[in-house]
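> below are the sequence and a predicted model for it; my questions follow.
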Amino acid sequence: MFAKPVRQVDEDFKAFVRSKSCVICSSDAPDPHHLRTRGAGGSDLTCVPLCREHHEAWHQLGPSMFLASYGVDLWRVNSGLLIEYFSDPAVILKKAAQITAAA
């Protein structure tokens with residue numbers, strides 16, 4: 001039997017994603033869309049900003065058709081967001097303090 005994946009929770013990254021615009025239409029107030037579902041153990045670090053309309057479109061179309069329809073590679077977007085997020089010295093210090101406290 002396989003163990004259920006443990007989901008990595010990062011409320012700070014989701015707040016960072018919420019501060020961005022939808023990657024499709026640039027509207028404000030995006031939802032943090034998990035590229036790997038939370039139920040499947042998907043990490044909060046796999047979020048990208050999608051407005052409600054495009055978030056629903058992704059769920060209706062699925063990843064392949066969404067990419068074909070909009071031409072936006074959401075995994076590439078996520079990689080850029082992670083680089084931006086973890087390049088912030090304040091984030092690095094906060095995460096280091098959390099790791100130290102947990103040890």
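Good, I have the coordinates.

> make it CA atoms for all contacts and neighbour counts henceforth
Will do.

> give me the element S79 is part of.
Using DSSP states H and E, S79 sits in helix 74-86.

> what about the next helix or strand along the chain from that helix, average pLDDT?
Once the chain leaves helix 74-86, the next helix or strand it forms, by DSSP H and E, is helix 89-102. The predicted model assigns helix 89-102 a mean pLDDT of 88.

> list the buried residues for helix 89-102?
Buried residues in helix 89-102, counted by 16 or more other Cα atoms under 10 Å: none are found.

> with stretch 30-43 instead?
30-35, 38, 42-43.

> ends of it, what's the gap?
End-to-end span of stretch 30-43 (Cα to Cα, to the nearest Å): 18 Å.

> contacting residues around it?
The contact list for stretch 30-43 (Cα atoms under 8 Å, 6 or more residues apart in numbering) reads 4-10, 14, 17-22, 44, 46-52, 55, 74-75.

> let's see 7 Å
5-9, 14, 17-18, 21-22, 44, 46-52, 55 (Cα atoms under 7 Å, 6 or more residues apart in numbering).
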